[in-house]
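From the sequence below, what's the structure:
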Amino acid sequence: MASKSSCAHPPLSLSLFTSPLTTKELGDLIILIKRYGFPQTRWHELGLILGLYKNTLDAIERNHPRDVWRCLTECLFKWLSRADNVDSKGGATFDALLVTLKFMDENDAAVKLEQESKLISLPDCIVCV
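All right, here's what the predicted structure looks like:
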């Protein structure tokens, strides 16, 4: 009898790929960002393109000096909270994140995220990559 493959990755919520995203999806978003190799050092640029104000990002950096993962996490939290100018840049949606990653030439991460969004909608994890 064949058994289901067990995934080495934490399970993700289907709601991560629906619009709009909320702060409840922060943990899943961090898992994906880490999994697909987004360079955390680019968090400031990511935030600006997603619609956060420079002052907001500068405050994050002041509050968490030399902690780029915490800065990225706080940046994503602000984005998911729809702070600043986020709504005029597409809102806190999976599609807006993909467009931004592609604009930043983070194509590998964008492609992998797109593939993940298609796989997660399958009934069971058949093959984990």
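
Excluding chain neighbours, what is closest to the residue nearest the centre of the chain?
In the chain, the centroid-proximal residue (C-alpha atoms, centre = their mean) is residue 29; its distance is 4.0 Å. Excluding its sequence neighbours, the residue lying closest to residue 29 (C-beta to C-beta, 6 or more residues apart in numbering) is residue 76, at 5.7 Å. For the C-beta atoms, the positions are set from N, CA and C on the backbone; glycine is no exception.

Contact partners for the one you found?
By C-beta atoms under 8 Å, 6 or more residues apart in numbering, the contact list for residue 76 reads 26, 29, 30, 33.

if you average pLDDT over the helix or strand where residue 56 lies, what comes out?
According to DSSP states H and E, residue 56 maps onto helix 54-63. Averaged over helix 54-63, pLDDT sits at 98.

helix or strand right after that helix?
Using DSSP H and E, the helix or strand that follows helix 54-63 in sequence is helix 68-80.

can I have the helix or strand of the chain with the lowest mean pLDDT written out in PDB, keeping just the CAs?
Ranked by mean pLDDT, DSSP states H and E, the weakest helix or strand in the chain is helix 107-120, scoring a mean of 82. The C-alpha coordinates for helix 107-120 follow below in PDB (Å, rounded to 0.1, in the frame of the first residue of the first chain):
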ATOM      1  CA  ASN A 107      12.600  36.000 -10.700                       C
ATOM      2  CA  ASP A 108      13.700  32.700  -9.100                       C
ATOM      3  CA  ALA A 109      11.800  33.500  -5.900                       C
ATOM      4  CA  ALA A 110       8.800  34.700  -7.900                       C
ATOM      5  CA  VAL A 111       8.600  31.600 -10.100                       C
ATOM      6  CA  LYS A 112       8.900  29.300  -7.100                       C
ATOM      7  CA  LEU A 113       6.200  31.200  -5.300                       C
ATOM      8  CA  GLU A 114       3.900  30.900  -8.300                       C
ATOM      9  CA  GLN A 115       4.600  27.200  -8.500                       C
ATOM     10  CA  GLU A 116       3.900  26.900  -4.700                       C
ATOM     11  CA  SER A 117       0.600  28.700  -5.100                       C
ATOM     12  CA  LYS A 118      -0.500  26.100  -7.800                       C
ATOM     13  CA  LEU A 119       0.700  23.100  -5.800                       C
ATOM     14  CA  ILE A 120      -0.900  24.200  -2.500                       C
END
